[in-house]
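1. pasting the sequence and the predicted coordinates here, then a few questions.
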Amino acid sequence: MKPKPRVHIIGGGFSGLITAFYAREAGFEVHLSEKNRWGGLLGTKTTPEGLVEEAANAFLWTAELERVSSVIGVPLQRTLASAKKRYVATDIPRPLAPRQFLPAVWNFIKAAVRRHHRPFPLETLTGWGRRVLGPEFTEKTLRPATRGVWGVSADQLSASLILAPMFQKKRERRKGSVSPQGGLQVWIDALVRHLQSQGVVMKIEDSRVTINDGFLVLATSWKQKADLLQGFSPMAAELYRQMRATSLTSATAHFARTGESAYPGFGILFHPDHRWKAAGVLFNDQIFENRGPHRSETWIFDRVLSESEAREAVLEDRARLGLQGSMLALRVTHAVEALPLYNTDHESLLIKLKGLTPELKAKHIYLIGNELGDIGLTSLGLRARDLVREMAAQAASEGQR
């Protein structure tokens, strides 16, 4: 009986955990190491005022995510009906209405007929939007949307990287936000228990591995990958060292309820040219059940703020919005240089890194992470599945299974 092919995964954040899931499911002997805590940046705190997500607050639903969640025993809840409404604020917030999208959709169709709808190489998101969707939609909707989601202006973002899921040939259907009732920590904890029950060897340690047999998957932060790759591919390590990052501050605040919300809905995106302090705000208690009983709001800032600065900024923007209620608690989370800056320079680095993929695969080294253009938890999960399929095919072709 042939031994199972072995894979050592370094990094136990979401990318490493979900890669371990698929690798074990595919029959690999899996070793997973993480130097800090399982789940990485993801986490949910239970406070007297309500749940506080420390990073992402939801997945985008796919049938595959539903399947994995069923395997690990975690039901997913969809958003409340109140979450359907979303706002963009220039001087005041205005709800996004379907009719606002019609001119942009028509412009997109005309561009698609001419086959000019895909991003050009090294084209910014603003440039693509003006060319394909039209200047008005780009200015009023696209620019504030990107700042609220990625914390970076569309003037800097690479259209190819941000829009990659939209133009995939075999695109998985994505339908709305979903989350466990108790927050994303519930999902992470269940996945860890499942991996342990399936015989995955899991260790909290600072691991530096040499490849003696099997495969190596680097699922660490992009900064750590630069160090880990140095002994295997100095050129790849140098490309990683050239990557740049952006920093965000999220401030989850709970407020006393004072009647109906002035802006019932998912949240507000703030236009970068209208002097709002925040890039966006999520109304958590109107998105998912079990996010109350108080008003729960997560404010996103495209820079690092102290707790006192975040408090002042939240209260100033709330006053401008006319929102009522006294603040009961504020919890601030920093992502300091934790997110890759998805600009056109980053796009150029990824093109060069892709050219080194054959060299890395020949050495049984695979990479996964949001810096590779797989942006968002759902995209990372699908990439992990495909990575394991590639790894299994390589093992089979080399007679390892």
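-> Structure received.
2. got the domain ranges for this protein?
-> Taking automatic domain parsing as the reference, the chain has its domains at 6-77+176-242+343-397, 99-167, 245-340.
3. just tell me which of those domains ends up closest to Y87.
-> Proximity of the domains of the chain to Y87 was assessed by C-beta to C-beta; the nearest stretch is domain 245-340, lying at 4.3 Å. Heads up, the C-betas are built off the backbone N, CA and C, glycines and all.
4. so what's the gap between that closest one and the chain middle?
-> 19 Å (C-alpha atoms, centre = their mean, to the nearest Å).
5. returning to what we had before: of all the domains of the chain, which one is nearest K84?
-> Judged by C-beta to C-beta, the one of those that comes nearest to K84 is domain 245-340, at 7.1 Å.
6. mind putting the domains of the chain in a markdown table, mean neighbour count included?
-> Converted to a markdown table, the domains of the chain look like this (neighbours: other C-beta atoms under 10 Å):
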| stretch | mean neighbour count |
| --- | --- |
| domain 6-77+176-242+343-397 | 18 |
| domain 99-167 | 18 |
| domain 245-340 | 19 |
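7. so for R86, which of those domains sits nearest?
-> Closest among the domains of the chain, using C-beta to C-beta: domain 245-340, at 4.7 Å.
8. thinking again about what came up before, could you export the domains of the chain as CSV, including distance to A83?
-> CSV is the format used below for these (distance: least, C-beta to C-beta, whole Å):
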stretch, distance to A83
domain 6-77+176-242+343-397, 8
domain 99-167, 15
domain 245-340, 4
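9. how about these in a markdown table, adding distance to K84 and mean pLDDT?
-> What follows is those, written out as a markdown table (distance: least, C-beta to C-beta, whole Å; pLDDT from 0 to 100):
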| stretch | distance to K84 | mean pLDDT |
| --- | --- | --- |
| domain 6-77+176-242+343-397 | 10 | 94 |
| domain 99-167 | 14 | 91 |
| domain 245-340 | 7 | 93 |
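10. for the top strand by length along the chain, packing partners?
-> For the chain, the longest strand by residue count, based on DSSP state E, is strand 327-340. Judged by 3 or more C-beta pairs under 8 Å, 6 or more residues apart in numbering; DSSP states H and E, the packing partners of strand 327-340 are strand 44-47, strand 245-255, helix 307-321.
11. what's downstream of it, the next helix or strand?
-> Sequence order places helix 344-355 as the next helix or strand after strand 327-340, per DSSP states H and E.
12. all helices for this structure, in order.
-> Ranges of helices in the chain, per DSSP state H, are 14-25, 63-72, 98-113, 125-128, 135-137, 143-150, 159-162, 184-197, 222-229, 234-241, 307-321, 344-355, 357-362, 377-397.
13. for those helices, give me TSV that also has distance to I92.
-> What follows is the helices of the chain, written out as TSV (distance: least, C-beta to C-beta, whole Å):
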stretch	distance to I92
helix 14-25	37
helix 63-72	36
helix 98-113	15
helix 125-128	23
helix 135-137	18
helix 143-150	13
helix 159-162	27
helix 184-197	33
helix 222-229	39
helix 234-241	43
helix 307-321	8
helix 344-355	33
helix 357-362	49
helix 377-397	33
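14. and of those, who's closest to P272?
-> So among the helices of the chain, helix 143-150 is nearest, using C-beta to C-beta, at 5.2 Å.
15. which residues touch that closest one?
-> 88-89, 125-126, 129, 152-155, 157, 162, 246, 267-272, 279-280, 300, 302, 339, 342 (C-beta atoms under 8 Å, 6 or more residues apart in numbering).
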